[in-house]
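A.B. asks: Sequence and predicted structure are below.
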Amino acid sequence: DTGVSQDPRHKITKRGQNVTFRCDPISEHNRLYWYRQTLGQGPEFLTYFQNEAQLEKSRLLSDRFSAERPKGSFSTLEIQRTEQGDSAMYLCASSLWGGRVGNEQFFGPGTRLTVL
Amino acid sequence: DAKTTQPNSMESNEEEPVHLPCNHSTISGTDYIHWYRQLPSQGPEYVIHGLTSNVNNRMASLAIAEDRKSSTLILHRATLRDAAVYYCILNSGGGADGLTFGKGTHLIIQP
């Protein structure tokens, strides 16, 4: 399968712990996005990269959140000092941007985070 | 990005057409209209997008009002596998930057 993959699929942690999620995009895609989704709501945009450059960060991305894409391929999202309010599904997506419009974003299955 | 308004839920019968409405009265001239859907326990999936003209693809059709203040996603023959939350999204970046999802329409398909 050559779709977007995320690891782990589920993570349970205690409040105050740090967690890190990984996303592997579709191999030729140059843009990678992170979203967060809570129960009953649509996904909320967090940040996105073009290659290794982080081009946009939402105000939802607090100082406890950091994302990297060091070699322009896979990306990691780290949450420091987790809080119960961080419990959500974290979705990754990728797209191939070449300057044209109508760029479809392909989403992964998500990582479900539960903070106890 | 401008805001969209969709019904919370809709119900339809299997093998019948489904028309999912979306209002976007504050749309700007550079906003594209995108539709994504999210099946249970999966990430969202692209359905279709358009700017001014009606669009067709293998999944659905998109009908855009002449004043662009509303649009309708048309599933020509719904199946049980089309049961999902459908999101109507406006994006001035052509869908290439961060998308603003609302709550979407929960489509229920009756056998």
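C.D. replies: Alright, I've got the coordinates. All values reported here derive from a predicted model rather than from experimental measurement.
A.B. asks: Show me which residues of the helix or strand of chain A with the lowest mean pLDDT are buried.
C.D. replies: In chain A, the helix or strand scored least confidently by mean pLDDT, DSSP states H and E is strand A:53-57, which has a mean of 93. Neighbour counts using 16 or more other Cβ atoms under 10 Å in any protein chain shown place A:54, A:57 of strand A:53-57 among the buried residues. All C-beta spots, glycine's among them, are computed from the backbone N, C-alpha and C.
A.B. asks: CA atoms only for that strand - export them in PDB, please.
C.D. replies: Presented in PDB, the C-alpha positions along strand A:53-57 are these (Å, rounded to 0.1, in the frame of the first residue of the first chain):
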ATOM      1  CA  ALA A  53      10.100  24.000   5.300                       C
ATOM      2  CA  GLN A  54       7.300  24.600   7.800                       C
ATOM      3  CA  LEU A  55       5.200  27.100   5.800                       C
ATOM      4  CA  GLU A  56       2.200  27.700   8.100                       C
ATOM      5  CA  LYS A  57       1.300  27.100  11.700                       C
END
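A.B. asks: what's it packed up against?
C.D. replies: strand A:44-50 (3 or more Cβ pairs under 8 Å, 6 or more residues apart in numbering or on different chains; DSSP states H and E).
A.B. asks: helices or strands up against the strand it packs on?
C.D. replies: Right, strand A:44-50 is packed against strand A:31-37, strand A:53-57, strand A:65-68 by 3+ Cβ pairs under 8 Å, 6+ apart.
A.B. asks: Many thanks, have a good one.
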